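J.: below: sequence and its predicted model.
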Amino acid sequence: MLPDLFTFLAEKLSLLSIFNLFESKRSGGADGVEERAKERAAATPGAHGEQRGDLLEVHRTLFTHFGIYLGDGRVAHLIPDILPAVTGDQKLIASVITNTRLIVGCMYKCATVRVDTLEDFAYGAGVLVNLMDEPVHRRALPNEEVARRAEKLIGDITYSLLWNNCEHFVTYCRYGSAASRQTEKFCECLKSIIRDQRSAVVAVLLGIISICCFGMLPSTTLPTILIPFTLWMAG
């Protein structure tokens, strides 16, 4: 009788341990739920075939805007916005960022890395996927690491139109180092203007006009001399 009882208890404990082991592997706890959610997001393509960790770009009025696709129709992107500086209304801040909000935020250097829907991110423009992979001549990081980098940076961030913009954000996430082709093109254009000797002539003419309009003042005379001289020497 007693040996049979021990045998019965041992069988039940063995079955219970196997069941618990199976459940722990299947569920994986809270971390497992999060991992599975990300795996589903990575496996589910977006409206344009995007996968989690892809680099997206859309053409806005004066520039190209960039973001990182997180899956489930969500995009993380660094975007200037003036509203966080003037209001604490989170519902209003979470609304679609218009071009006016963007431009004023850019002027005040106020920006955040935020998550928006793919439609809000596109703002009516066509979405391009991983178009930057070839021009940058750098190997992209694994998509999951790209997405995790983007998620870690969500929140307020220091903004600079030339040195820390949305393109710097996505290149850091996808390639491991921040860069901006738009900034490079602007700097090259600025260099070509400075190197052109005609810029010095134009500066002299503008200086003479300012002297004629406002008189021989330090605020007009000094720029008339120093700016053309600097441009001439730089050229």
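T.: In hand now; what should we look at?

J.: next, the contact list for residue 162, please.
T.: 180, 183, 186, 187 (Cβ atoms under 8 Å, 6 or more residues apart in numbering). Glycine gets a C-beta too; all of them are placed from N, C-alpha and C.

J.: buried by neighbour count, from these: which ones?
T.: Among the contacts of residue 162, those classed as buried by 16 or more other Cβ atoms under 10 Å are 180, 183.

J.: from the contacts of residue 162, pick the one nearest residue 62.
T.: residue 186 (11.4 Å; Cβ to Cβ).

J.: neighbours of the nearest residue to residue 176 once chain neighbours are set aside, how many?
T.: Once flanking residues are discounted, residue 176 sits nearest to residue 141: 6.0 Å by Cβ to Cβ, 6 or more residues apart in numbering. Counted with other Cβ atoms under 10 Å, the neighbours of residue 141 add up to 16.

J.: go ahead and confirm residue 141 touches residue 172.
T.: No - using Cβ atoms under 8 Å, residue 141 makes no contact with residue 172, being 10.1 Å away.

J.: need the overlap of contacts for these two.
T.: Joint contacts of residue 141 and residue 172 (Cβ under 8 Å, 6+ apart) are residue 149.

J.: got a list of what residue 115 touches?
T.: 70, 74, 75, 76, 154.

J.: list just the nearest of the residues you listed to residue 63.
T.: When the contacts of residue 115 are compared for distance to residue 63 (Cβ to Cβ), residue 75 wins out at 16.7 Å.

J.: farthest pair in the contacts of residue 162?
T.: The most distant members of those, if one measures by Cβ to Cβ, are 180 and 187, lying 9.8 Å apart.

J.: can you give me the helices for this structure?
T.: 2-27, 29-43, 83-86, 90-93, 99-107, 118-122, 143-152, 166-175, 181-195, 198-214, 218-234 (DSSP state H).

J.: list the buried residues of the last one.
T.: The neighbour-count check on helix 218-234 (16+ other Cβ under 10 Å) flags 220, 224, 227, 228, 231 as buried.

J.: can you check the fourth one too?
T.: Residues of helix 90-93 classed as buried: residue 93 (neighbour count, 16+ other Cβ under 10 Å).

J.: average model confidence for it?
T.: Helix 90-93 shows a mean pLDDT of 92.

J.: other residues contacting that helix?
T.: By Cβ under 8 Å, 6+ apart, the list of residues contacting helix 90-93 reads 81, 83, 84, 87.

J.: could you flag which of the residues you listed are buried?
T.: Buried by 16+ other Cβ under 10 Å: 81, 83, 84, out of those.

J.: now the residues you listed in a markdown table, with pLDDT?
T.: Listed next are those as a markdown table, based on pLDDT from 0 to 100:
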| residue | pLDDT |
| --- | --- |
| 81 | 93 |
| 83 | 92 |
| 84 | 90 |
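
J.: which one of those residues sits closest to residue 165?
T.: Residue 165 has its nearest neighbour among the buried ones among the contacts of helix 90-93 in residue 81, at 13.3 Å by Cβ to Cβ.

J.: what does the domain assignment say about the chain?
T.: Listed domain ranges for the chain are 55-186, 196-234 (source: automatic domain parsing).

J.: rank the ones you listed by pLDDT, which is bottom?
T.: domain 196-234 - the lowest mean pLDDT of the domains of the chain, at a mean of 82.
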